[in-house]
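[1] The following comprises the amino acid sequence and a computationally predicted model.
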Amino acid sequence: MAGVSPVAASYLPQQTPSPFSFSVASTSWSSRPSIHLSNIFLRFLALVFSFVSALSLATVSPNKKTKFTDYPEFMYCFVVSILSFIYSCFQLFKGICDFAHTGILLSDMISDITSFILDKLVGYVLISSSSMAIPIIRHAQLTGSLRRAAIISTTISFVTFLILATCTILSGYKLCKRIIW
């Protein structure tokens, strides 16, 4: 700022860096905002829980009279758990790539918008599949192993919904911060 008087320099607009931006030279763990690490951890939890939810329905003994494929509500729950697993895999991969190399897959703005919208969509489908399975668990004459598997799957699916709801809040926060800054 050569040739600028001290009085004029105090009136120059000050740029505040975004909490989501960091320099290329600083790539250590401490230079990353904690929101990225917590987002990756939550995505990993959603991946594990959606896998366990689908696995609990799929591992019911096939030699029993009733299978989970006989009930469309349980099939819906199973398919939604698989879709949630695939979505969580993609988000975890994207989060790790963004953590290592910023903006490689998608630009930051598009990534935040798609994450926010898809988190809400997958969360809605998860809670709707859980709510459809509950009346069948309560009123149908299910065998012991199928009933236990359906209860475990529905409970874990609801936990996955809570994790994705937290991810939605973080995605909305990141999106709002990006729009405001």
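    Sure, I can see it. Numbers count the residues shown, from 1 in each chain.

[2] So which elements touch the longest helix along the chain?
    Taking DSSP state H as the criterion, the chain has its longest helix at helix 144-180. Helices and strands touching helix 144-180, as assessed by 3 or more CB pairs under 8 Å, 6 or more residues apart in numbering; DSSP states H and E, comprise helix 34-58, helix 72-100, helix 108-139. Every residue, glycine included, has its C-beta placed from N, CA and C.

[3] quick check: angle from the first one to helix 72-100?
    What that stands for is helix 34-58. Interaxial angle, helix 34-58 versus helix 72-100 (axes from the mean of the first three to the mean of the last three CA atoms, to 10 degrees): 150 degrees.

[4] List the buried residues for helix 34-58?
    By neighbour count on 16 or more other CB atoms under 10 Å, the buried set for helix 34-58 is 36, 39-40, 42-47, 49-57.

[5] One more: the second one?
    Taking 16+ other CB under 10 Å as the neighbour-count basis, helix 72-100 is seen to contain the buried residues 73-74, 77-78, 80-85, 87-88, 91-92, 94-95, 98.

[6] got any ranges where this protein has weak pLDDT?
    For the chain, applying pLDDT under 70 flags the ranges 1-33, 61-64, 66, 102-106, 181.

[7] one more time with 90, if that's ok
    1-39, 57-74, 94-114, 132-150, 171, 173-181 (pLDDT under 90).

[8] chain center to stretch 73-90: distance?
    Relative to its chain's centre, stretch 73-90 lies at 13 Å (CA atoms, centre = their mean, to the nearest Å).

[9] now the angle from the longest helix of the chain to helix 108-139?
    160 degrees.

[10] Give the buried residues for helix 144-180.
    Those buried within helix 144-180 under the rule 16+ other CB under 10 Å are 146-147, 149-150, 153-154, 156-161, 163-168, 170-171, 174-175, 178.

[11] Could you measure from Thr155 over to Ser145?
    Computed as CB to CB, to the nearest Å, the Thr155 to Ser145 distance reads 16 Å.
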